[in-house]
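# Quick one, fold the following:
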Amino acid sequence: MFWRLVFLIIYIAFFLVRSRYGNKKPNRKEAIEYFDEQNLALQREGRLSMTLRSILSFIMLLSIIIYGISPSWLQFFNLPLPNFLRLAGLGLAIAILPFLYWAHRALGRHYSPDLDLKEGHKLITSGPYNIVRHPMYTILIVFMLSISIVSASALILIPHTAAILLLIMRLDKEEAMLIEEFGDDYREYMIKTGRLLPKFN
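Sure, this is the predicted structure:
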């Protein structure tokens, strides 16, 4: 009961931060721009990748709900993880949440879950983006790994691991988009910063 409760509390906190910086309801002009951006995002990422991401998001949400309800057959998915490891995962999941807020705050209106750029989009190099180029990816990877350890359930671990793989596979496409948009400014930024981890010269 304890592990299920803290799992749900942490995930609720995660969703609250994400929803705060999610896309607001657009007006008519913004709606037209949004659909144009979505079409470009579809071209950049590919229909298969976006479809897989949508399906996986649904599976992840369903797995979280099932884990929270905890039916008797859920025991089949239990992983024999020691409590000290689950506590370490818990500490890491809690510790990463302020970084999630920090990254979202740095991005502001430029945040998008898709491979698109807003009108007047600027290259963000402040906050955590001064240290790594894709801190949001790093944060999501750490969060999904740590929350999977907290759950000690293959029902959570499997879809979360698949989501991590999709994120990593999308990185090259995102960097290509940013190079196309910002050119030498982004190339110079790449020299100074690491992709997912800080670069130590």
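
# C-alpha only now, for contacts and for neighbours.
Will do.

# Run through the chain and note the low-pLDDT ranges.
22-44, 201 (pLDDT under 70).

# what's the closest non-adjacent residue to residue 64?
residue 156 (7.0 Å; C-alpha to C-alpha, 6 or more residues apart in numbering).

# ok, that neighbour - contacts?
Taking C-alpha atoms under 8 Å, 6 or more residues apart in numbering as the criterion, residue 156 is in contact with 60, 63-64, 67, 148.

# Next: residue 163.
By C-alpha under 8 Å, 6+ apart, the contact list for residue 163 reads 53, 56.

# Can you list the buried residues in the helix or strand hosting it?
Using DSSP states H and E, residue 163 sits in helix 154-182. Within helix 154-182, the residues that qualify as buried are 154-157, 159-161, 163-164, 166-167, 171, 174-175, 177-178, counting by 16 or more other C-alpha atoms under 10 Å.

# Return the closest of those residues with respect to residue 133.
Minimum distance to residue 133 across the buried residues of helix 154-182 is 9.2 Å, recorded for residue 175 (C-alpha to C-alpha).

# pretty sure residue 17 is touching residue 99, no?
No. Residue 17 is not in contact with residue 99 according to C-alpha atoms under 8 Å; the separation is 10.5 Å.

# Need the contacts of residue 156 in a markdown table (columns: secondary structure and neighbour count).
A markdown table is the format used below for these (DSSP: H, G, I helix; E, B strand; the rest coil; neighbours: other C-alpha atoms under 10 Å):
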| residue | secondary structure | neighbour count |
| --- | --- | --- |
| 60 | helix | 20 |
| 63 | helix | 20 |
| 64 | helix | 19 |
| 67 | helix | 18 |
| 148 | helix | 24 |
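
# so after the helix holding residue 163, what's the next helix or strand?
Assigned by DSSP H and E, the successor of helix 154-182 is helix 184-192.

# by contact count, what packs against that following helix?
Contacts defined by 3 or more C-alpha pairs under 8 Å, 6 or more residues apart in numbering; DSSP states H and E place helix 184-192 against helix 154-182.

# got the angle for the helix it packs on vs helix 184-192?
Taking axes from the mean of the first three to the mean of the last three C-alpha atoms, to 10 degrees, one finds helix 154-182 and helix 184-192 inclined to each other by 130 degrees.

# how far out from the middle of the chain is helix 154-182?
9 Å (C-alpha atoms, centre = their mean, to the nearest Å).

# Spatially central residue for this structure, please.
The centroid of the chain falls nearest to residue 140 when counting by C-alpha atoms, centre = their mean (4.0 Å).

# Which residues outside the helix or strand hosting it are in contact with it?
Secondary structure from DSSP H and E places residue 140 in helix 135-151. Residues from elsewhere that reach helix 135-151 (C-alpha under 8 Å, 6+ apart): 3-4, 7, 81, 85-87, 89-90, 92-93, 96, 99-100, 103-104, 128-129, 156-157, 160-161, 164, 167, 196-197.

# circling back to that earlier point, distance-wise, check the residue nearest to the centre of the chain relative to residue 50.
Distance of residue 140 to residue 50, computed by C-alpha to C-alpha, to the nearest Å: 18 Å.
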